[in-house]
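Novice: Could you look at this predicted model? Sequence included:
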Amino acid sequence: MAKRSNQTRWIIALGAIVLVAVLAYSTYLQMGTEYEVCLTFKGSMHCAKARGSTREEAMRSAQDIDCATLSNGRDELMVCTETPPTSVREVK
């Protein structure tokens with residue numbers, strides 16, 4: 001009986017290690033690139049930095065941050081997210 005209990009503990013420990021490794025790896029992949037996006041909306045400008053696994057994902061996240069800061073209400077937010085950025089640069 002003690003041998004089975006020891007075996008179960010090792011299986012659980014190994015499973016926990018694999019789970020932590022998978023989570024760390026997927027987090028690392030999502031943090032691939034960082035971009036700074038500046039956006040002008042209704043006469044105001046805001047710049048935000050964001051990371052993403054792709055260029056487009058990082059840029060979209062930064063633009064969403066900009067628009068959340070610059071817009072008032074849902075309607076303006078929707079218009080803002082369709083506005084092209086004033087500038088985009090990769091952060092190293």
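Specialist: Sure, I can see it. Residues are numbered from 1 along each chain as shown.
Novice: Could you chop the chain up by domain?
Specialist: 1-30, 33-91 (automatic domain parsing).
Novice: Can you give the distance of the first one from its chain's centre?
Specialist: Centre-to-centre, domain 1-30 and its host chain are 26 Å apart (CA atoms, centre = their mean, to the nearest Å).
Novice: ok, how many other residues are close to the closest residue to residue 33 other than its chain neighbours?
Specialist: Nearest residue to residue 33, sequence neighbours excluded (CB to CB, 6 or more residues apart in numbering): residue 58, at 5.1 Å. Where you see a C-beta, it was placed from the backbone N, CA and C, and this is true even at glycine. Using other CB atoms under 10 Å, the number of residues around residue 58 comes to 25.
Novice: Might you report the residue contacts of residue 58?
Specialist: Counting by CB atoms under 8 Å, 6 or more residues apart in numbering, residue 58 touches 33-35, 50-52.
Novice: ok, back up a step: now the domains of the chain in a markdown table, with mean pLDDT?
Specialist: What follows is the domains of the chain, written out as a markdown table (pLDDT from 0 to 100):
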| stretch | mean pLDDT |
| --- | --- |
| domain 1-30 | 85 |
| domain 33-91 | 94 |
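Novice: which one of those is the most hemmed in?
Specialist: Across the domains of the chain, averaging neighbours per residue (mean count of other CB atoms under 10 Å) puts domain 33-91 on top, at a mean of 15.
Novice: how far away is residue 70 from residue 43?
Specialist: 10 Å (CB to CB, to the nearest Å).
Novice: do the same with residue 12
Specialist: Taken as CB to CB, the span from residue 12 to residue 43 is 59 Å.
Novice: do residue 71 as well
Specialist: For residue 71, the distance to residue 43 - CB to CB - is 12 Å.
Novice: quick check, distance from the helix or strand containing residue 58 to the centre of its chain.
Specialist: Using DSSP states H and E, residue 58 sits in helix 55-70. Its chain's C-alpha centre and that of helix 55-70 lie 10 Å apart, by CA atoms, centre = their mean.
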